[in-house]
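Asker: got a structure for you, letters missing:
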Ligand SMILES: Cc1ncc(COP(=O)(O)O)c(C=O)c1O
């Protein structure tokens with residue numbers, strides 16, 4: 001018997017089937033590909049550069065991002081996907097005795113990091129209509145983390161309500177995970193000048209269509225960024241590889257391309273939500289690149305299996321009581337979503 005082994009319930013990530021022909025709508029990846037500048041940057045990358053370690057501070061990428069977001073480069077920290085950014089943030093900021101607050105229905109990884117790092121936490125139930133209630137976050141706490149728009153609901157919390165939470169909790173860190181913000185809603189970036197306790201996290205996985213590259217970042221005041229860098233440099237200082245930095249920078253410099261695609265996804269989201277409503281589904285109002293929907297005349301697991309049998313992958317959370325009758329469906333290209341509607345009609349018959 002070997003002693004000292006860790007027991008932990010890991011995060012269950014969406015499956016990544018190795019199929020050529022499928023409609024993959026289970027992990028909220030971007031339906032559209034990389035911009036022309038990213039393709040060029042990849043083609044011109046000199047593999048000999050990989051002889052050296054990557055940069056420690058991703059200055060090139062931070063300067064490009066700072067320009068794009070209208071913040072200072074010193075307000076940015078880059079890491080290996082926003083999962084890495086968030087994991088660093090949990091270690092950096094959640095060291096109080098009071099519980100860290102987050103919704104009972106949100107990004108499933110928050111609970112996993114809290115358990116892994118021994119952070120005291122409290123899962124605050126969402127209201128009946130799946131919204132985050134501001135007053136629940138005005139109580140004593142050791143920190144707060146909210147996804148906005150929330151996942152897996154897609155519901156956006158207006159900025160004035162985020163501000164009320166920041167204002168009431170100025171002695172603890174409030175993280176706003178903006179993984180999906182470019183598909184709808186207003187970013188909390190303008191609040192950074194007013195609130196020293198705000199940390200915003202972002203990813204290149206969704207709006208920038210680079211999930212496989214693994215780049216994410218935090219935006220906060222210099223003092224909080226310094227704490228995050230200290231933690232990053234206590235774990236894996238070279239976690240952002242050189243190729244990732246170069247390609248992410250190319251994406252930032254070609255941002256108009258991604259904005260056009262975000263608009264297409266919003267349009268398809270409206271169309272798809274309407275189609276589901278017409279077919280008797282409940283559909284939560286989403287500002288993200290996915291919708292959470294409940295089929296009313298057939299069981300969620302039957303629909304999930306029926307779609308899977310047709311090589312359409314969506315996300316089903318049978319173990320999460322509140323949404324066990326729902327499916328979370330990422331918004332793909334218009335043709336893909338038409339195929340999903342056709343498949344749903346077949347399964348409904
Ligand atoms: C709310 C939220 N935050 C963070 C992430 C992690 O993204 P990344 O690919 O940057 O690690 C996801 C991924 O699905 C997410 O849904």
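Answerer: Sure thing, it's come through. Keep in mind the model is a prediction, meaning the values are calculated, not measured. Residues are numbered from 1 along each chain as shown.

Asker: can you pull the contacts of the closest residue to residue 223 other than its chain neighbours?
Answerer: Excluding its sequence neighbours, the residue lying closest to residue 223 (CB to CB, 6 or more residues apart in numbering) is residue 196, at 7.2 Å. C-beta coordinates here come from the backbone N, C-alpha and C atoms, glycine included. Counting by CB atoms under 8 Å, 6 or more residues apart in numbering, residue 196 touches 170, 221, 223-224.

Asker: what does residue 116 give?
Answerer: Neighbours of residue 116 in contact, by CB under 8 Å, 6+ apart: residue 8.

Asker: equivalent analysis for residue 78, please.
Answerer: By CB under 8 Å, 6+ apart, the neighbours of residue 78 are 58, 61-62, 215-217, 240, 245, 248.

Asker: go ahead and confirm residue 38 touches residue 244.
Answerer: No. Using CB atoms under 8 Å, residue 38 is not in contact with residue 244, being 11.2 Å away.

Asker: more neighbours, the two?
Answerer: Comparing residue 38 with residue 244 by neighbour count (other CB atoms under 10 Å), the higher total belongs to residue 38, at 25 against 22.

Asker: and the gap between the more buried one and residue 51?
Answerer: 23 Å (CB to CB, to the nearest Å).

Asker: quick one: the strands in the chain?
Answerer: In the chain, the segments counted as strands under DSSP state E are 23-24, 76-79, 100-103, 121-124, 143-147, 174-177, 198-203, 216-219, 282-283, 290-294, 312-313, 315-316, 327-330.

Asker: can you list the residues that contact the third one?
Answerer: The contact list for strand 100-103 (CB under 8 Å, 6+ apart) reads 94, 110-111, 114, 119-126, 132, 136-137, 139, 141-146, 150.

Asker: then the fifth one?
Answerer: With contacts defined as CB under 8 Å, 6+ apart, strand 143-147 is touched by 86, 89, 93-94, 96, 100-103, 106-107, 110, 132, 137, 157, 162, 165, 169, 172-177, 179-180.

Asker: closest one of the contacts of residue 78 to the ligand?
Answerer: residue 216 (4.0 Å; CB to the nearest ligand atom).

Asker: can you get me a residue count around the nearest residue to that closest one once chain neighbours are set aside?
Answerer: Counting by CB to CB, 6+ apart, residue 82 is the residue found nearest to residue 216 once chain neighbours are left out, at 3.1 Å. By other CB under 10 Å, 25 other residues sit near residue 82.

Asker: residue 96 now?
Answerer: The number of residues near residue 96, taken as other CB under 10 Å, comes to 16.

Asker: tell me the domain ranges of this protein?
Answerer: Residue ranges for each domain of the chain read 23-33+256-348, 48-253, as given by automatic domain parsing.

Asker: in JSON lines: the ones you listed, plus mean pLDDT and distance to residue 4.
Answerer: Formatted as JSON lines, the domains of the chain follow (pLDDT from 0 to 100; distance: least, CB to CB, whole Å):
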{"stretch": "domain 23-33+256-348", "mean pLDDT": "97", "distance to residue 4": "29"}
{"stretch": "domain 48-253", "mean pLDDT": "98", "distance to residue 4": "16"}
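
Asker: redo these as JSON lines? Include distance to the ligand.
Answerer: Formatted as JSON lines, those follow (distance: least, CB to the nearest ligand atom, whole Å):
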{"stretch": "domain 23-33+256-348", "distance to the ligand": "5"}
{"stretch": "domain 48-253", "distance to the ligand": "3"}
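
Asker: of all these, which one comes closest to residue 8?
Answerer: Closest approach to residue 8 among the domains of the chain is made by domain 48-253 (5.9 Å; CB to CB).

Asker: distance between the closest one and the chain's centre?
Answerer: From the chain centre to the centre of domain 48-253 is a distance of 9 Å (CA atoms, centre = their mean, to the nearest Å).

Asker: with stretch 252-271 instead?
Answerer: Relative to its chain's centre, stretch 252-271 lies at 16 Å (CA atoms, centre = their mean).

Asker: now do the buried residues in that stretch.
Answerer: Residues of stretch 252-271 classed as buried by neighbour count (16 or more other CB atoms under 10 Å): 252-255, 257-258, 261-262, 265-266, 268-269.

Asker: so which of the residues you listed sit within helices?
Answerer: Members of the buried residues of stretch 252-271 lying in helices (criterion: DSSP state H): 252-253, 255, 257-258, 261-262, 265-266, 268-269.

Asker: for the closest residue in space to residue 248 that isn't next to it in sequence, phi and psi?
Answerer: Using CB to CB, 6+ apart and skipping the chain neighbours, the partner closest in space to residue 248 is residue 215 (4.4 Å). Torsion angles at residue 215 (phi, psi; degrees, to the nearest 10) stand at phi -140, psi 130.
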